[in-house]
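Participant: this one's sequence-less:
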Ligand SMILES: NC(=O)c1ccc[n+]([C@@H]2O[C@H](COP(=O)([O-])OP(=O)(O)OC[C@H]3O[C@@H](n4cnc5c(N)ncnc54)[C@H](O)[C@@H]3O)[C@@H](O)[C@H]2O)c1
Ligand SMILES: O=C(O)[C@H](O)[C@H](O)COP(=O)(O)O
């Protein structure tokens with residue numbers, strides 16, 4: 001079999017190790033991939049910043065397109081199927097990473113504002129791979145959770161009573177977390193789902209969390225909702241106008257990060273592996289590359305975190321624990337610096353923050369030494385933050401305090 005010419009976004013981790021046995025891998029910045037680059041490729045591997053449309057894929061040799069992402073709004077799948085080009089993406093790959101992010105962002109903001117998180121009602125809009133994890137974790141921490149997902153409510157009548165309408169969610173929730181795909185057509189289109197009317201129907205003091213796509217919210221609606229309306233905090237990882245988000249939104253957000261909610265190393269590597277397996281299936285070749293080695297190289301399987309004092313209020317204690325695994329304040333600080341840049345520099349700085357993102361591990365990689373923990377911590381820590389508890393006395397010599 002002739003060697004494949006594989007063109008890949010330079011930000012797909014371990015692409016050489018995974019795909020090198022299948023062909024010659026060329027790396028390139030995702031935003032710069034052009035039709036003439038694709039002309040010289042048999043396989044195209046992208047991330048969310050490459051618009052895969054009919055003009056990009058004019059090349060008749062193209063045998064496979066893969067996106068190492070959950071979202072697919074950057075890919076014209078109809079154009080690919082018209083041309084008979086197989087497409088794969090990575091559903092669920094970084095869903096745990098996003099759920100870790102949302103819980104950490106909520107605990108961070110709750111701690112800063114002196115809010116006891118379990119007193120809040122969380123409305124989860126979109127309950128697929130990511131939203132359902134966020135919902136379960138918030139429930140485990142003691143929050144009341146309302147789920148909204150009209151496509152699932154319709155397609156899964158046996159579960160319809162688990163879901164509420166968007167109107168009901170808006171009437172009852174005081175935290176809203178968005179987990180929908182960006183779609184522009186059909187009965188459940190999500191582009192500008194949060195427009196002026198929806199924002200006006202929110203409860204006073206609502207925290208709005210967006211880790212889905214920037215265009216799911218209408219920028220002016222949330223801007224006015226924050227200044228003169230019911231929104232009291234924006235916790236934004238994705239932004240209208242990426243890669244150059246508006247400086248006022250960055251400054252006014254309570255948590256601001258550069259589209260990295262899904263960037264835990266485990267999730268990114270899982271994305272590479274899922275594309276590799278999909279290409280091997282298309283080529284009918286055995287999949288020989290396993291990510292275990294690269295995952296092990298970057299950290300011991302489980303890190304042990306010191307528990308904070310059990311006398312602390314619960315939200316602060318959970319926050320102290322969560323931020324030992326993921327210090328969201330560091331991402332927030334780096335992102336905030338972008339607000340003073342002119343648009344072109346801001347876009348470059350945004351891309352650079354993403355390209356050089358430090359290694360972060362999913363929370364399920366961490367264990368909490370239980371020696372001094374109260375029993376009541378067990379459920380929230382293990383189910384809410386997905387950290388394991390270790391047996392008393394068994395781990396104290398491995399304790400790692402960060
Ligand atoms: N910030 C990040 O780093 C990051 C990481 C991963 C995913 N994402 C984004 O999050 C999105 C969701 O991810 P996922 O893994 O949960 O996807 P998913 O496909 O598993 O779930 C999406 C859910 O949204 C529901 N939905 C669709 N339209 C809706 C509507 N109008 N109202 C309510 N629900 C609706 C679907 O029925 C589905 O259950 C992705 O499409 C992607 O754009 C962002
Ligand atoms: O859809 C996804 O999986 C995420 O939004 C993904 O983490 C985006 O990262 P990017 O592809 O832009 O590097």
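Facilitator: Here it is on my side, so go on. It should be emphasised that the depicted structure is a prediction, and the values quoted were computed from it without experimental measurement. Ligands and ions are numbered 1, 2, ... in the order given.
Participant: could you use CA atoms for every contact and neighbour count after this?
Facilitator: Noted.
Participant: and for the closest residue to ligand 2 within the stretch 301-402 of the chain, the neighbour number?
Facilitator: Using CA to the nearest ligand atom, residue 354 is the residue of the stretch 301-402 of the chain that sits closest to ligand 2, at 7.1 Å. The number of residues packed near residue 354 is 16, by other CA atoms under 10 Å.
Participant: and what of the one 3 residues further on?
Facilitator: Residue neighbour count, defined by other CA under 10 Å, stands at 15 for residue 357.
Participant: same check on residue 114?
Facilitator: 11.
Participant: sec struct for residue 189, please.
Facilitator: coil (DSSP: H, G, I helix; E, B strand; the rest coil).
Participant: and it, how far is that from ligand 2?
Facilitator: The spacing between residue 189 and ligand 2, counted by CA to the nearest ligand atom, to the nearest Å, is 17 Å.
Participant: repeat that for residue 277.
Facilitator: To ligand 2, residue 277 is 17 Å away according to CA to the nearest ligand atom.
Participant: other residues contacting the helix or strand where that residue lies?
Facilitator: Under the criterion of DSSP states H and E, residue 277 resides in helix 265-283. Helix 265-283 is contacted by residues 12-15, 18-19, 64, 66-69, 86, 88-90, 93-97, 262, 286-287, 289-291, 295, 359-362 when judged by CA atoms under 8 Å, 6 or more residues apart in numbering.
Participant: one step back: the residue of the stretch 301-402 of the chain closest to ligand 2 should be in a strand, yeah?
Facilitator: No: per three-state DSSP, residue 354 lies outside any strand segment and is helix.
Participant: that one: what's it in contact with?
Facilitator: Counting by CA under 8 Å, 6+ apart, residue 354 makes contact with 258-260.
Participant: re earlier: in strands, which of the contacts of helix 265-283 appear?
Facilitator: Residues of those located in strands (DSSP state E): 64, 66-67, 88.
Participant: let's have those in JSON lines, adding distance to ligand 2, pLDDT and neighbour count.
Facilitator: Listed next are the ones in strands among the contacts of helix 265-283 as JSON lines, based on distance: CA to the nearest ligand atom, whole Å; pLDDT from 0 to 100; neighbours: other CA atoms under 10 Å:
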{"residue": "64", "distance to ligand 2": "18", "pLDDT": "98", "neighbour count": "21"}
{"residue": "66", "distance to ligand 2": "11", "pLDDT": "98", "neighbour count": "24"}
{"residue": "67", "distance to ligand 2": "8", "pLDDT": "98", "neighbour count": "28"}
{"residue": "88", "distance to ligand 2": "13", "pLDDT": "98", "neighbour count": "21"}
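Participant: this structure against ligand 1: which residues are in contact?
Facilitator: By CA under 6 Å from any ligand atom, the residues of the chain that approach ligand 1 are 70-71, 92, 94-95, 98, 125-131, 148-152, 179-182, 188-190, 211-213, 237-238, 259-262.
Participant: could you measure from residue 316 over to residue 323?
Facilitator: Going from residue 316 to residue 323 by CA to CA, to the nearest Å gives 10 Å.
Participant: and the two? Which one has more around it.
Facilitator: residue 316 (21 against 16).
Participant: quick one, phi/psi of the more buried one?
Facilitator: Dihedral pair for residue 316: phi -60, psi -40, per degrees, to the nearest 10.
Participant: in this structure it contacts residue 107, no?
Facilitator: Yes: with contact defined as CA atoms under 8 Å, residue 316 reaches residue 107; the gap is 7.5 Å.
Participant: for stretch 249-262, measure first residue to last.
Facilitator: End to end - CA to CA - stretch 249-262 spans 21 Å.
Participant: how far off centre is that stretch?
Facilitator: Taking CA atoms, centre = their mean, to the nearest Å, one finds the center of stretch 249-262 at 12 Å from the center of the full chain.
Participant: and ligand 2, is that stretch touching that?
Facilitator: Yes: legend: contact between stretch 249-262 and ligand 2 by CA under 6 Å from any ligand atom is shown at residue 262.
Participant: show residues contacting that stretch.
Facilitator: 94-98, 101-102, 105, 109, 211, 223, 233-239, 268, 331-332, 334-336, 339, 350, 353-354.
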